[in-house]
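[1] Give me a 3D structure for the following:
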Amino acid sequence: MSRASERLRCAALAGALALIAVPSSAAPAVQQVLLLQSSDRGSLIFDHFTANFRVDLERLAGSPVNVVQVVVGPTGFVGAPDHAVVDYVRSTFTGRPMPDLIVTIGGTAAVFARQYRQQLFPDRPLLFTAVDKRYLAGAPLAENEAAVTSANDFPKLVEDILQLLPRTRQLFVVIGSGQLAQFWHAELGKEFQQFQDRLTFLWSDDMSLPDILERCAKLPRDSAILYITLGNDAKGGAYADERVLTDLHATANAPLFSTQSVMLGYGVVGGTMMSIDNLSHTAAGTAAQLLDGALPRSITAPPQPPGPRVFDWRELKRWGIAESRLPLDSIVSYRAPSLWEEYRGTVLSAAGVLAFQSLLIIGLLYQRRARQRAEIESRRNLALAADASRRQTMSALTGSIAHELGQPLGSMMYNAQALQTMVTGNRATSGTIEEILSDIQSQGLRATQIIDRHRTMLRSHELDKKPTDLHSVINESLALIAHDMEERQVRATLHLASTPCIVSGDQVLLQQVLVNLMINAMDAMAGALPARRRLTISAEHRGADVEISVRDNGTGVRPDIIETLFTPFMTTKAYGLGIGLTIVSTILGAHGGTIAARNNAEGGATFVVTLPRLDAAGLQSAQRGAASLART
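    Next comes the predicted model:
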């Protein structure tokens, strides 16, 4: 049993080791890629292309990829001979697998790889990328070579410049020094021959960067700048594209153009541009095919043409280039968002709030205007109703007017007859004449006052507040109905405060209130015995108010109508209009006062009027205002 168990354990251990060994042996091998770069960091084109290429290659390759990158351009091995660079590249793979693929980036690396193809792993496939087709036009591709090239169209960009700036007469071409500059100077010099009758071309391959910047700062007004690349200037200085473009943008007095998409955003206006993103993606896809075993001669990638025209909105604004000059298929980048685009939600919210506020303000203005119209109409109706009520009251006081005027007029007539008799009988002395004339004058003045009092009561009247003593209002009101009271056998009793009851009010309208209440009280006592026809009028101070009560011994007010007694057209009289107490309530409301009615326990009713009392400060202010108005 122990030997069998031991055999089983050994078998299980062997099986486990076998299971572990299977995935280990099945793991895919890492593929080696030699990446020959034309320049060290600083070239916007090559840096952008390389970064995208490596990311896309790792994504598209079917197995892990190890990239060995070597700069073979002049900035990689400064001053070193080419054979030393070749030896370095070969030594990089000492002790490790040979590269499965060689990829060159840029024209300098492509020339280097072709020149030393036999020393650089000649049996391995070679892929040329990020290189203009002109670089490879001198010799056909070999059996194990493939290429992803570009077809930069510099004349098309010059046409874009002339369309945007038709007055341009000079084009300053910024290009570095060395082999690359010589190549492009020669190539572009031939392509730009078609513009020789319209443009003068200046080249920077014999200038240092400070000289280039100084020249760009002093260009004529009808100039433009075409930036190819710099790399190294005439004095051997190496410069990054980003720094050069920044300095040019800051100092140049002419707009800056380029053919590469990666230059947009660094002060370049734009134009027909090569898309580096598309170029790197195509190159990575081709490299993945070669690593997967595809034969180089089976891959035919046509040169990539320039992409659409792209322009920087900020530079168009800077140089005053109208968007109407752009070709119809142009793309405008870096456009500043409009207020609507950037703050759409805020704008909509603000617009909603403003619209709501506008509607609210319009509604309030409409209500204010309607209220003003209503107030004006109310005042007009009050004046009309008060006038109607006064006329109705005066019709009842006609007898009182005749009685009051009869006494002074009769006295004047008797005095005049007596004087005439004395004069005829030659019995008039100067003292007697003076006494009789004085009496006639006194009676005439009394008659005038009676007429003025009733005329004021009849005249249409608007509210005119001023300090008014309610004692005077009560006495004037009693004088108006004195004859009527005598005819109806009504006796009046006054209980007035010891000090004046001053209010801010209109004496005529307040007098109308009391006359109305007194006549109503006399009407209520019409059926009572003469001994019970007693009218009691009181005036007293109640804190900040003055309270006036009109008490009668009549029939009282029916309990079912006492709550609606002051509403329009409510009356208990067969001949009443039902507006008297409504007018009273309205007049008191205009004075800030109130009126209430109650039935007395012993019979009859009491109407209580409450008005705000005018204090000493208010009285002084009113007196000063009246004095100022009098002076005016």
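
[2] Show me the contact partners of stretch 81-93.
    32, 34, 36, 68, 70, 72, 76-77, 99, 112, 115-116, 119-121 (CB atoms under 8 Å, 6 or more residues apart in numbering). In this view, the C-beta of every residue, glycine as well, is placed from N, C-alpha and C.

[3] Next, the buried residues of it.
    Residues of stretch 81-93 classed as buried by neighbour count (16 or more other CB atoms under 10 Å): 85, 86, 89.

[4] closest to residue 169 among the residues you listed?
    Nearest to residue 169, judged by CB to CB, of the buried residues of stretch 81-93 is residue 85 at 44.5 Å.

[5] Please flag which of the buried residues of stretch 81-93 sit within strands.
    Counting by DSSP state E, no part of the buried residues of stretch 81-93 is found in strands.

[6] now the contacts of stretch 81-93: which count as buried?
    32, 34, 36, 72, 76, 99, 112, 116, 120, 121.

[7] Which parts of the stretch 301-450 of the chain are helices?
    Here the stretch 301-450 of the chain has its helices, by DSSP state H, counting those that start in this stretch, at 313-318, 339-342, 344-396, 398-424, 430-458.

[8] what's the least confident stretch among those helices?
    Lowest mean pLDDT within those: helix 339-342, at a mean of 68.

[9] And the residue nearest the centre of the chain?
    Taking CA atoms, centre = their mean, the centroid of the chain lies closest to residue 350, which sits 4.2 Å from it.

[10] ok so, going back, so which of the buried residues of stretch 81-93 is the closest to residue 237?
    For those, the nearest to residue 237 is residue 85 (21.6 Å; CB to CB).

[11] State the number of residues packed around residue 271.
    Using other CB atoms under 10 Å, residue 271 has 26 neighbouring residues.

[12] Which residues does the helix or strand that contains it contact?
    Using DSSP states H and E, residue 271 maps to strand 270-272. Applying CB under 8 Å, 6+ apart, the contact partners of strand 270-272 are 153, 156-157, 160-161, 257-259, 264, 306-312, 315, 333.

[13] Just checking: what are the partner strands of that strand?
    Strands that pair with strand 270-272, judged by DSSP bridges, come out as strand 309-312 (antiparallel).

[14] so where's the stretch 501-632 of the chain uncertain?
    Low-confidence segments of the stretch 501-632 of the chain (pLDDT under 70): 568-579, 616-632.

[15] Tell me which stretches of it form helices.
    Counting by DSSP H, counting those that start in this stretch, the helices of the stretch 501-632 of the chain are 507-524, 580-590, 616-631.

[16] Buried residues, stretch 96-113. List them.
    Within stretch 96-113, the residues that count as buried by 16+ other CB under 10 Å are 99-113.

[17] Relative to residue 531, which of these is nearest.
    residue 105 (132.9 Å).

[18] Quick check: bridge partners of that closest one?
    The bridge-partner assignment for residue 105, based on DSSP bridges, gives residue 37, residue 129.

[19] Out of the contacts of stretch 81-93, list just those in helices.
    112, 115 (DSSP state H).

[20] Point out the least confident one among the contacts of stretch 81-93.
    In terms of pLDDT, the lowest of the contacts of stretch 81-93 is residue 76, showing 62.

[21] Over to the residue of the chain positioned farthest from its centre: give its phi and psi.
    Ranked by distance from the centre of the chain (CA atoms, centre = their mean), the top residue is residue 425, with 102.4 Å. With angles defined as degrees, to the nearest 10, residue 425 sits at phi -80, psi 10.

[22] repeat for residue 555
    Torsion angles, degrees, to the nearest 10, at residue 555: phi -80, psi -10.

[23] ok, so what distance separates it from residue 532?
    With distances taken as CB to CB, to the nearest Å, residue 555 is found 11 Å from residue 532.

[24] Same check on residue 124?
    140 Å.

[25] Compute the number of surrounding residues for residue 416.
    For residue 416, using other CB under 10 Å, the count is 13.

[26] Contact partners for it?
    residue 440.

[27] And residue 172, by the same measure?
    Residue 172 makes contact with 202, 204, 215, 216, 219, 223, 224, 225, 226, 254, according to CB under 8 Å, 6+ apart.

[28] if you set the cut-off to 6 Å instead, what comes out?
    With contact set as CB atoms under 6 Å, 6 or more residues apart in numbering, residue 172 has these partners: 202, 225.

[29] Could you look up the SS state of it?
    Here residue 172 is recorded as strand under DSSP: H, G, I helix; E, B strand; the rest coil.

[30] that older thread, now the strand holding residue 271: average pLDDT?
    Mean predicted lDDT for strand 270-272 stands at 92.

[31] Next SSE downstream of that strand?
    Following strand 270-272 toward the C-terminus (DSSP H and E): helix 276-291.

[32] Flag every buried residue along that following helix.
    Under 16+ other CB under 10 Å, the buried positions of helix 276-291 are 276, 279-284, 286-291.

[33] what's the answer for stretch 166-182, then?
    Within stretch 166-182, the residues that count as buried by 16+ other CB under 10 Å are 168, 170, 171, 172, 173, 174, 175, 176, 177, 178, 180, 181.

[34] between these, which is closest to residue 189?
    Residue 189 lies nearest to residue 173 out of those, by CB to CB, at 9.5 Å.

[35] quick one: that closest one and residue 203 touch, right?
    Yes. Taking CB atoms under 6 Å as the definition, residue 173 is a contact partner of residue 203 at 5.2 Å.

[36] could you say what helices and strands the strand or helix carrying residue 486 packs with?
    In the assignment (DSSP H and E), residue 486 maps to helix 482-487. Applying 3 or more CB pairs under 6 Å, 6 or more residues apart in numbering; DSSP states H and E, we find helix 482-487 packed against helix 398-424.

[37] So what's the residue count around residue 370?
    Count around residue 370 with other CB under 10 Å applied: 10.

[38] avg pLDDT for stretch 44-58?
    On average, stretch 44-58 scores 93.

[39] Name the residues of that stretch that come out as buried.
    For stretch 44-58, a neighbour-count test (16+ other CB under 10 Å) marks 44, 45, 46, 47, 48, 49, 50, 52, 53, 54, 56, 57 as buried.
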